[in-house]
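Q: I need the structure of the sequence given here:
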Amino acid sequence: MNLLKETGLPTEKKPYLLRSGAGEHRLFGRQVATIMADSPSTDNIFGMVMITGGKEDSFPSHIHENTHEGILILSGRLEIKLDGIKYLLTVGDYAHIPAGTEHSYVMKAHRTRFVSYTANGEIAELYRIIGKPYNQPEYPPNVNSDIPTEVLLDATLHTDIQLKKQPEITSEVASVTSLPDSAIPYVIYSGEGDRLLTGDQLHRIIASQKNTDGQFIIVASDGPAGDRIVEHYHEHHTETFFCLEGKMTMWADGQEIEMLPGDFLHVPAGTVHSYRLDSHYTKMVGLLASGLFEPFFRILGDDFEHYTFPSEAMPLRFDRVIENLDVLDLKVVNKPK
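A: Now for the predicted structure:
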């Protein structure tokens, strides 16, 4: 299989690459859902959908009965309501929505885009039910923005979604700057989260095992051009790489892949992989499922009080990882000297 030639979602779990704008597109109202990962392509591990729309496009209040969701803003502004509390999110902000949490959104800027991550991948099917096949990743300017009620009701019969009447807004509250200790709704603004420095790369855990009942974690990472990390694989968990800024090189399944903003790589368990950041400032985000790989970041990384990586690299403490290989789901192919 040539990862460089992948243009759509596979129908079984395997490594695959989606270039920026690629994926399965569905038009609902004036919004476009680009399905980037679903149940078949991940073997029911997770789903990933990018939503693009225009100012005042919205989705009504609903809950996912059994599914945790994480929303990361890529561009524009998104007003989101979580259990009756309103937040205005901009680029880099993250909203965590545990199962059973009432939520809705309204886009507050033209060409607003966000990524929705969900456990098990079932929610991707929602957009196939409410949306029509579409051949572009961007929304059209000349269609009705309303989502027909009947298609939403149909979705409640076939997916893990229930429509709700949004409660009155009780207050506007500030975001949290560190992660809660349980699976409760929260918002992390850009730059916040549990910050860990590994050499010259800064990793921010924005959703931890405690927030997802162990189903997944989400890590936002950035750093300068640097060296290739050690080649490795995982026996029990899936890892994803979504390039947001800059340029990076991935090695996966024996292939070398240049990744630019918007490119997405799915790396299931058992896939040998590695990466290198290639530009002055490169930023990526990854979902790792299950969340059992979280200790790796906390063992390798040191708590970091600042919000950007240092001008000079700190020592990379891979020795701590080697000492704990028996408790980490990490199989090193070529150990560093």
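Q: Buried ones in the helix or strand containing residue 244, by neighbour count?
A: Using DSSP states H and E, residue 244 sits in strand 238-245. For strand 238-245, the neighbour count (16 or more other C-beta atoms under 10 Å) marks 238-244 as buried. (Each C-beta comes from the backbone N, C-alpha and C, glycine too.)
Q: ditto for stretch 265-285
A: 265-269, 271-278, 282-285.
Q: again, but for stretch 156-163
A: Applying 16+ other C-beta under 10 Å to stretch 156-163 flags 159-161 as buried.
Q: Identify the residues contacting the strand holding residue 244?
A: 37, 42, 45-46, 48, 74, 115, 222, 248, 250, 259-269, 273, 275, 281-289, 293 (C-beta atoms under 8 Å, 6 or more residues apart in numbering).
Q: still on that earlier bit, among the buried residues of stretch 156-163, find the lowest-pLDDT one for me.
A: Of all those, residue 160 carries the smallest pLDDT score, 84.
Q: Identify those among the contacts of strand 238-245 that sit within helices.
A: residue 42 (DSSP state H).
Q: Helices along this protein, start to end?
A: Going by DSSP H, the chain shows helices at 39-42, 124-130, 149-158, 209-212, 294-300, 318-323.
Q: so which of those gets nearest residue 52?
A: helix 124-130 (12.0 Å; C-beta to C-beta).
Q: same for that closest one, what does it pack against?
A: With contacts taken as 3 or more C-beta pairs under 8 Å, 6 or more residues apart in numbering; DSSP states H and E, helix 124-130 sits against strand 24-28, strand 31-37, strand 46-53, helix 149-158.
Q: where in the stretch 51-200 of the chain is pLDDT low?
A: When residues are selected by pLDDT under 70, those of the stretch 51-200 of the chain lie in 166-175.
Q: those strands in the stretch 151-300 of the chain, which residues are they?
A: In the stretch 151-300 of the chain, the segments counted as strands under DSSP state E, counting those that start in this stretch are 162-163, 186-188, 194-198, 201-207, 217-223, 232-233, 238-245, 248-252, 255-259, 264-267, 273-277, 282-289.
Q: Let's have those in TSV, adding distance to residue 152.
A: Formatted as TSV, the strands of the stretch 151-300 of the chain follow (distance: least, C-beta to C-beta, whole Å):
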stretch	distance to residue 152
strand 162-163	6
strand 186-188	25
strand 194-198	36
strand 201-207	27
strand 217-223	27
strand 232-233	41
strand 238-245	28
strand 248-252	38
strand 255-259	36
strand 264-267	28
strand 273-277	39
strand 282-289	26
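Q: For residue 91, which of the ones you listed is the nearest?
A: strand 238-245 (9.4 Å).
Q: What pairs with that closest one, parallel or antiparallel?
A: Neighbouring strands of strand 238-245 in its sheet, by DSSP bridges, are strand 264-267 (antiparallel), strand 282-289 (antiparallel).
Q: With just CA atoms, put it into CSV.
A: C-alpha atoms of strand 238-245 as CSV (Å, rounded to 0.1, in the frame of the first residue of the first chain):
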residue,chain,number,x,y,z
THR,A,238,-3.6,4.1,17.8
GLU,A,239,-1.8,7.4,17.2
THR,A,240,-2.7,10.3,14.8
PHE,A,241,-0.8,13.2,13.4
PHE,A,242,-2.6,16.3,12.1
CYS,A,243,-0.2,19.1,10.9
LEU,A,244,-1.5,22.5,11.8
GLU,A,245,1.4,24.8,10.9
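Q: Report the angle between that strand and strand 46-53.
A: Here the directions of strand 238-245 and strand 46-53 differ by 30 degrees (axes from the mean of the first three to the mean of the last three C-alpha atoms, to 10 degrees).
Q: ok, the residue nearest to residue 35 when sequence neighbours are not counted to residue 48 distance?
A: Spatial nearest neighbour of residue 35, excluding adjacent residues (C-beta to C-beta, 6 or more residues apart in numbering): residue 24 at 4.3 Å. Distance of residue 24 to residue 48, computed by C-beta to C-beta, to the nearest Å: 11 Å.
Q: Dump the buried residues of strand 238-245 into TSV; add distance to residue 107 and pLDDT as well.
A: Shown next, in TSV, are the buried residues of strand 238-245 (distance: C-beta to C-beta, whole Å; pLDDT from 0 to 100):
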residue	distance to residue 107	pLDDT
238	30	96
239	30	97
240	25	98
241	27	98
242	21	98
243	24	98
244	19	98
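Q: Rebuild the residues you listed as TSV, extending it with distance to residue 191.
A: Listed next are those as TSV, based on distance: C-beta to C-beta, whole Å:
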residue	distance to residue 191
238	27
239	23
240	21
241	20
242	18
243	19
244	13
